[in-house]
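Asks: quick one, structure for this:
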Amino acid sequence: MSGAVRARRIESVVDAVGNTPLVRLRVVTRDAPDVPVYAKLEFENPGGSVKDRAALRMIQDALKDGRLTPGKTLIDSTSGNTGVAYSLFGAALGIPVKLVMPSNVSKARKDIALAFGTEILFTDPLEGSDGAIVIAKRMAAEDPERLFYPDQYANPGNPLAHYHGTGPEILRDVGDQITHFVAGLGTSGTMMGTARRLREHHRPIRCVAVEPDSPMHGLEGLKHMASSLVPPIYDRAGHDDLYPVTTEDGWDMADRLAREEGLHVGHSSGANIFCAVKIAEKLQREGVPGCVVAIACDRGDRYFSPMGWEKRYVW
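Replies: Coordinates of the predicted model:
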């Protein structure tokens, strides 16, 4: 819907962030034909995910206020996509990057980050993203002169990237039509910032947060908040509803989107769109008009490497 905006000449890859398109889903929503469901294609960002927005904002803020100076290395914990974004912008802006991530992050995301010249420290997969957070924070505290720690889980630039970007773009493209917004909870920045902007709209918009239905899950990048270190930027009052999704439903919807809509997305995107479709079907049954927008976080090719067995045997 915003193709005319995206067809432009830019001076740097950093200028390619944002203005991602919305696509209406037609097949997976066949049981709710009167309630439009749109996927916001965040994999159209240059780093291939929604995390480009927050990573760039945090880097630019730190360069502007002097926290990130020449000679310093950026270090942060990540489950993959933010790490790819840091790596991309680090390469583009001449900033060394060191990442701390669980060793079970998909091979594709490890390889992409390494391709940009990033150094990676792997942590215990059983400790998940929380274990990586602890290590990154400790390393930064031990060497503050050489390491800049943006801390994506606590950095206000994370939600602000969506308050100033994602939210206004959605309102520009669907305006008064939208009744529901759906995004998953990881760092929670996408939901916190976008919801804050959407709630300022003159018509009410219900913001629904998606999380895994249990602590042991296979929806990479999403947090089960009750069993996790809660990100300081997260506020339960920042969204209206919390919708738990099973690993199977997230994976199955991602498969359906590829086969039926031509959208090859990751499993967190599958979870978000599963929730959006359920909302639309409920509105359809009740005869209530609506329009649902969900975040498609990243591409499915980042999950090709051998994680397929985990759905059956681990989760």
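Asks: contacts, neighbours, all on C-alpha from now
Replies: Fine.
Asks: domain map for the protein?
Replies: Annotated domains of the chain cover 3-49+156-305+307-311, 61-148 [automatic domain parsing].
Asks: Ala55: which of these is closest?
Replies: domain 61-148 (5.9 Å; CA to CA).
Asks: and the closest one, how far apart are its ends?
Replies: Length of domain 61-148, first residue to last, CA to CA, to the nearest Å: 12 Å.
Asks: quick one on the thing from earlier: let's have the domains of the chain in a markdown table, adding distance to Ala55.
Replies: Shown next, in a markdown table, are the domains of the chain (distance: least, CA to CA, whole Å):
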| stretch | distance to Ala55 |
| --- | --- |
| domain 3-49+156-305+307-311 | 7 |
| domain 61-148 | 6 |
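Asks: mind putting these into CSV with mean pLDDT?
Replies: Listed next are the domains of the chain as CSV, based on pLDDT from 0 to 100:
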stretch, mean pLDDT
domain 3-49+156-305+307-311, 93
domain 61-148, 92
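Asks: export the ones you listed as JSON lines, with columns for mean neighbour count.
Replies: Putting the domains of the chain into JSON lines (neighbours: other CA atoms under 10 Å) gives the following:
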{"stretch": "domain 3-49+156-305+307-311", "mean neighbour count": "20"}
{"stretch": "domain 61-148", "mean neighbour count": "19"}
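Asks: can you name the next helix or strand after the helix ranked longest in the chain?
Replies: Longest helix in the chain by number of residues, with DSSP state H as the criterion: helix 267-286. Sequence-wise, the next helix or strand downstream of helix 267-286 (DSSP states H and E) is strand 292-296.
Asks: look up how far Ser87 lies from Leu114.
Replies: Applying CA to CA, the value for Leu114 to Ser87 is 8 Å.
Asks: and the longest helix of the chain with strand 292-296, angle?
Replies: 170 degrees (axes from the mean of the first three to the mean of the last three CA atoms, to 10 degrees).
Asks: tell me what helix 267-286 is packed against?
Replies: Applying 3 or more CA pairs under 8 Å, 6 or more residues apart in numbering; DSSP states H and E, one finds that helix 267-286 contacts strand 37-41, strand 180-184, strand 206-212, strand 241-245, helix 247-256, strand 292-296.
Asks: go again using 7 Å as the cut-off
Replies: strand 180-184, helix 247-256, strand 292-296 (3 or more CA pairs under 7 Å, 6 or more residues apart in numbering; DSSP states H and E).
Asks: would a markdown table of the ones you listed with distance to Arg197 be doable?
Replies: Formatted as a markdown table, the helices and strands packed on helix 267-286 follow (distance: least, CA to CA, whole Å):
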| stretch | distance to Arg197 |
| --- | --- |
| strand 180-184 | 11 |
| helix 247-256 | 27 |
| strand 292-296 | 14 |
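Asks: can you show me the helices along the stretch 101-250 of the chain?
Replies: 107-115, 128-142, 157-161, 167-174, 189-198, 247-256 (DSSP state H, counting those that start in this stretch).
Asks: and of those, who's closest to Ser228?
Replies: Here helix 128-142 is closest among the helices of the stretch 101-250 of the chain (CA to CA), at 7.1 Å.
Asks: if we can go back for a sec, any chance of the helices of the stretch 101-250 of the chain in JSON lines, plus distance to Gln284?
Replies: Output for these, formatted as JSON lines (distance: least, CA to CA, whole Å):
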{"stretch": "helix 107-115", "distance to Gln284": "38"}
{"stretch": "helix 128-142", "distance to Gln284": "38"}
{"stretch": "helix 157-161", "distance to Gln284": "32"}
{"stretch": "helix 167-174", "distance to Gln284": "19"}
{"stretch": "helix 189-198", "distance to Gln284": "23"}
{"stretch": "helix 247-256", "distance to Gln284": "19"}
